[in-house]
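> Fold the following, please.
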Amino acid sequence: MTEFTLTHKVEHEIYRVNMIINELAEDRNKDILPFLMFVDSRYNVDWHTVNSEYFKAEKPASHPFGKRLLAMMEEYKLITKESSGFCLTPFSKEMVETGNVMLPHQGIYEIIVSEDPIFENSLIGCVPDEANVQSGFQEMAQRSKDKELFKGKMNETVIVPNTDQWVKKKIYLPLQDGKVVEVQEVFENGCKETEGEPITVKIMVGENGNKSILLQKKKGKGKKESDKIESSFHANFPIEYSMVVEELAKLNGLTYSSKDQSVCFTAELLDRVSGSLTMKLKGGDIFFDEYGTYRISEVNKIQVVPKNHNVAVAWIIREIQNEVKNGYVTRELFKKITEQKIDVICKCSKNMDPKTLRDSIWDYEGYIEFHKREDVSKRDDVFWHVIAVSDLSLE
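All right, here's what the predicted structure looks like:
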């Protein structure tokens, strides 16, 4: 399957916004809710008890996951200090009673704002600032002996409503596992426009309709980090495989068959076309009227079709000659090679008719007679290989 890699520079701005986000996250029941129920069964619990009984650690006093989970619970006001230990807040007790986790995500977020046409009516990205309490989640998961206990998501994403504050801006953010998280409140004091670091969009567009999109941002000296946009966005990506093939054909000075959605080759390019009708094409910058300029990588192998009937016949004859150079060719093998190559062409191109192609190519006897009529001095190795012993007769 052919897959193109396109890269595209995104013009954008970055805003830093302080947000409080509420989300009903049923998948968090697996880690947070059992913990809350464990604490709720006791009036007052200390860290040592949680580590030794809930996490069942070999060395309870030094269990990193337990301590960090407790710190996170305290940050989100799910637990409150009580004498030498802690107990649940009314908010977390309500979670235990309802069986649902309403976990507020709060902190400073970076919002990428872009009016690039590729993202119209779609979503780009929003990631928490490192100062946010969520930044400790990943380390907590990595250091935990039982990583199944950690189900929290990094890079929570939000949709910014079209309020007066953002009415002149288009905010594009990704869906997170198919769920959109609403912004409950945006604090204007925390909103500050900053210069956006260069962002490159990397898109893979496959022949079977698959699409994969990455946002690549510079991180440190020359390094890049990539945020993969969720699959829900891929369907909205406006550039299709056929559009890329057409522009790729123009880039290489070739024509494009809209009927076959393939690049067409001419007789001059026969040597570059393989026996399976594929060829290598150079990459470069391609331009789409509505979506701007993209850089396409070199394509090592792409399906191509003959530009017309004569080119198709020339390719079949070239393939037959390549085969007969490898040894004697009997009548049966000659016919088999011919039919195979006709079949390859007709599967790739809807413009080719197998009967017309078959009628345009010599049969076995005709091929031999052609070489017999040639002057002996002009005969090449093909003549001596195409004649089988059964075709020789005494005169």
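> CA only for contacts and neighbour counts going forward, please
Noted.
> how close does E53 get to L214?
For E53, the distance to L214 (CA to CA, to the nearest Å) stands at 43 Å.
> With neighbour numbers in mind, choose between these two.
Neighbour count, other CA atoms under 10 Å: between E53 and L214, L214 has more, with 18 against 11.
> Wait, that one touches V201, no?
Yes: under the criterion of CA atoms under 8 Å, L214 makes contact with V201 at 5.7 Å.
> What ranges does the stretch 151-300 of the chain have for its strands?
For the stretch 151-300 of the chain, the strands defined by DSSP state E, counting those that start in this stretch cover 183-194, 199-206, 211-218, 224-228, 255-257, 262-265, 278-281, 284-288, 292-296, 299-306.
> The ones you listed: lowest mean pLDDT?
Among the strands of the stretch 151-300 of the chain, strand 183-194 has the lowest mean pLDDT, at a mean of 44.
> State which helix of the protein is the longest.
Counting by DSSP state H, the longest helix found in the chain is helix 331-348.
> So which other helices or strands are in contact with that helix?
For helix 331-348, the contact count by 3 or more CA pairs under 8 Å, 6 or more residues apart in numbering; DSSP states H and E identifies strand 299-306, helix 309-324, helix 354-359, helix 364-373 as packing neighbours.
> can you tell which of those is closest to H48?
Among the helices and strands packed on helix 331-348, strand 299-306 comes nearest to H48, with 59.9 Å by CA to CA.
> for the protein, where's the lowest mean pLDDT among helices and strands?
When each helix and strand of the chain is scored by mean pLDDT, DSSP states H and E, helix 135-143 comes last, with a mean of 40.
> Return the set of buried residues in the helix or strand hosting E97.
In this assignment (DSSP states H and E), E97 forms part of helix 90-98. By 16 or more other CA atoms under 10 Å, the buried positions in helix 90-98 come out as S92, K93, M95, V96.
> Check the residues you listed against K336 and report the nearest one.
If you rank the buried residues of helix 90-98 by distance to K336 using CA to CA, M95 comes first, at 73.2 Å.
> where does that closest one sit relative to L88, distance-wise?
For M95, the distance to L88 - CA to CA - is 10 Å.
> now swap in R318 and tell me
R318 sits 81 Å away from L88, going by CA to CA.
> More neighbours: these two, which one.
L88 (25 against 14).
> tally of neighbours for I320?
I320: 21 neighbours (other CA under 10 Å).
> from now on call the first residue 8
Yes, from this point I'll number from 8; that puts the last item at I327.
> Can you get me a residue count around the closest residue to I349 other than its chain neighbours?
Excluding its sequence neighbours, the residue lying closest to I349 (CA to CA, 6 or more residues apart in numbering) is P361, at 6.2 Å. Residues lying near P361 (other CA under 10 Å) number 14.
> Now do the contacts for P361.
P361 makes contact with I349, D350, C353, according to CA atoms under 8 Å, 6 or more residues apart in numbering.
> Partner strands of the strand or helix carrying K16, with direction?
K16 belongs to strand 10-17 when elements are defined using DSSP H and E. Taking DSSP bridges as the criterion, strand 10-17 sits next to strand 206-213 (antiparallel), strand 299-303 (antiparallel) in its sheet.
> That's all I had, so thanks and see you.
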